[in-house]
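K.L.:
This is a predicted model, with the sequence first.
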Amino acid sequence: MALTRRDFTHALAAGVGGLGLAGCATTPPANATLDQLARAKGLRFGSTLGNLGRRSRFHDLPYRELTGRECSVLVAENETKWQQLRPDPTRPYNFAPAEEMFTWAEGRGMALRGHTLLWLEPKWLPAWVNALNYGAGDGEAARRVLEEHIRTTCGHFGNRIESWDVVNEAVSPETGELHRNVFSTPFGGDQKGGVEQIDLAFRLAREHAPGAQLVYNDYMGWGATSARHRAGVLRLLAELKRRGTPVQALGLQGHIAWAKPGTPQDNPAECAVTWRRFLDDVQALDLELLITEFDVNDRGMPADIVQRDAACAALARDWLDVTLASPRLHRFLCWGLVDQHSWLQGFEPREDKLPKRALPYDDQLQPKPLRQAIADALRTMPAR
């Protein structure tokens, strides 16, 4: 009998699940929240909220209540990024939008994640930082700028943040090499300067957030087209561990996407083997794993909602069955819960211009097949 995609990923997950992992502590009810399902297996489930602009997700009260019901971990979508906290160096840091959300979350007993202290690509750094004119001998001046930002940000939130994305998306998916930015030259140039600033960011984060888990976060995928990206991330992590950099975990963003039939990344069985090997290699470096920003890009999927929702759910289940089998994975966060609030609505639009259906709930806050796929993956995964 032929092995189906679902059979393959379930068998792969079961193989990992036999490594002495504990059984479920409780049996969640039939109408369990996603966090209840996760906790039964030794995880916590969470999502992001945003609190900027006229369409603040946080002030959409039904959506906020849905987030509070389904989640026990909260991460700010943009409010703790450098370019939002301090777009102008002549003005104080603006912690108010993040504080409003975090105070609400703490009142509900939710854990907090910080995202992100250093985003390597220049387009995601504040304009005033990119305008700094550093030369090869300006390492101390560059260090002072990074140190001031990380000390101020971590010092403000203190031990309230359980986990920080210290560095975000340092590796070019096209080449596997590190992105170059304003700090590269003063820290040694190109690749050396990239590693040096990443190492410094983690050491500063450990000094100023001594109790937080320190995470490198990136969006490498499981298909053949992401091979260079995965290899580059693995090289970076291995080099950081060799140096004694206090990196503790890899954040798997989990922005998964449909692949056109016949392309190399279209075979889920092959993708699952490659992805499992990558996750094993990361854990072999004594690193934890987190799913930090999960959603499904339905670009290229059928226009028909029933067919498209089924395709999103199937793709999610295939990826989650493999990823959740990782014994050192203890957090699973979506990047939003309701379709209309997804960042994907403005990213690579569908050719038919239809709204994307990337998240577990539709715009009427009704659960979709994707929500069921996530719930089923949590129910069947091995316990931590």
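P.N.:
Thanks, I have the structure now. Numbering: from 1, shown residues only.
K.L.:
Span of stretch 30-41 from start to end?
P.N.:
Across stretch 30-41, the terminal residues are separated by 15 Å (CA to CA, to the nearest Å).
K.L.:
Now that stretch: buried residues?
P.N.:
Judged by neighbour count using 16 or more other CB atoms under 10 Å, the buried positions of stretch 30-41 are A32, T33, L34, D35, Q36, L37, A38, R39, A40, K41. For the C-beta atoms, the positions are set from N, CA and C on the backbone; glycine is no exception.
K.L.:
Stretch 206-216 now?
P.N.:
R206, H208, A209, A212, Q213, L214, V215, Y216.
K.L.:
among the residues you listed, which are in strands?
P.N.:
Among these, DSSP state E puts Q213, L214, V215, Y216 in strands.
K.L.:
Out of those, flag the one nearest to Q191.
P.N.:
Closest approach to Q191 among those (CB to CB): Y216, at 15.9 Å.
K.L.:
Spit out the contact partners of the closest one.
P.N.:
By CB atoms under 8 Å, 6 or more residues apart in numbering, the contact set of Y216 is 165-167, 170, 198, 233, 236-237, 240, 247, 249-251.
K.L.:
Please repeat the previous calculation with a cut-off of 10 Å.
P.N.:
116, 165-171, 198, 201-202, 233, 236-237, 240, 245, 247-251, 282, 287 (CB atoms under 10 Å, 6 or more residues apart in numbering).
K.L.:
rewinding a little: taking the buried residues of stretch 206-216 together, which two end up most distant?
P.N.:
The farthest-apart pair in the buried residues of stretch 206-216, when distances are taken by CB to CB, is H208 and Y216, at 17.4 Å.
K.L.:
Going through the contacts of Y216, which ones are buried?
P.N.:
Members of the contacts of Y216 classed as buried by 16+ other CB under 10 Å are 116, 165-171, 198, 201-202, 233, 236-237, 240, 245, 247-251, 282, 287.
K.L.:
Just the ones of these in helices?
P.N.:
Per DSSP state H, helices hold the following members of the buried ones among the contacts of Y216: I198, A201, F202, V233, L236, L237, L240, V282.
K.L.:
Just name the closest of those residues to G50, please.
P.N.:
A201 (24.0 Å).
K.L.:
Could you find the closest non-adjacent residue to the most centrally placed residue in the chain?
P.N.:
Central residue of the chain (CA atoms, centre = their mean): T292, 2.6 Å from the mean position. For T292, ignoring the flanking residues on the chain, the nearest one in space by CB to CB, 6 or more residues apart in numbering is G251 at 4.0 Å.
K.L.:
repeat for E100
P.N.:
N51 (5.9 Å).
K.L.:
Next up, the contacts around the one you found.
P.N.:
Residues in contact with N51 (CB under 10 Å, 6+ apart) are 57-59, 64, 76-79, 96-102, 104.
K.L.:
Now tell me which helix or strand of this protein has the poorest mean pLDDT.
P.N.:
helix 5-17 (a mean of 39; mean pLDDT, DSSP states H and E).
K.L.:
In the stretch 1-150 of the chain, mark out all the helices, start to finish.
P.N.:
Assigned by DSSP state H, counting those that start in this stretch, the stretch 1-150 of the chain shows helices spanning 5-17, 34-39, 61-70, 82-85, 96-107, 127-130, 139-157.
K.L.:
Out of these, which is the most enclosed?
P.N.:
Among these, helix 34-39 has the highest mean neighbour count (mean count of other CB atoms under 10 Å), at a mean of 22.
K.L.:
quick one: that helix to chain centroid distance?
P.N.:
Centroid separation for helix 34-39 versus its chain: 18 Å, with CA atoms, centre = their mean, to the nearest Å.
K.L.:
again with stretch 195-202
P.N.:
The answer for stretch 195-202 is 20 Å, by CA atoms, centre = their mean.
K.L.:
which stretches of the stretch 201-350 of the chain have low pLDDT?
P.N.:
For the stretch 201-350 of the chain, the stretches with pLDDT under 70 are 260-266.
K.L.:
again, only using 80
P.N.:
For the stretch 201-350 of the chain, applying pLDDT under 80 flags the ranges 259-266.
K.L.:
need the contact list for the closest residue to E79 other than its chain neighbours.
P.N.:
Nearest non-adjacent residue to E79, counting by CB to CB, 6+ apart: A98, 3.9 Å away. A98 sits next to 51-52, 76, 78-81, 84-85, 112, 114, 153, 156-157 when contact means CB under 10 Å, 6+ apart.
K.L.:
Quick check: closest non-adjacent residue to P62.
P.N.:
Per CB to CB, 6+ apart, closest to P62 is L365, 5.9 Å.
K.L.:
and that neighbour, what are its phi and psi?
P.N.:
phi 60, psi 30 (degrees, to the nearest 10).
K.L.:
re earlier: okay if I get the ones in helices among the buried ones among the contacts of Y216 as CSV plus distance to P349?
P.N.:
CSV is the format used below for those (distance: CB to CB, whole Å):
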residue, distance to P349
I198, 33
A201, 34
F202, 37
V233, 28
L236, 32
L237, 34
L240, 37
V282, 33
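K.L.:
out of these, which one sits closest to P92?
P.N.:
Using CB to CB, these come closest to P92 at A201, 22.0 Å.
K.L.:
Count the residues that sit near K192.
P.N.:
Using other CB atoms under 10 Å, K192 is surrounded by 12 other residues.
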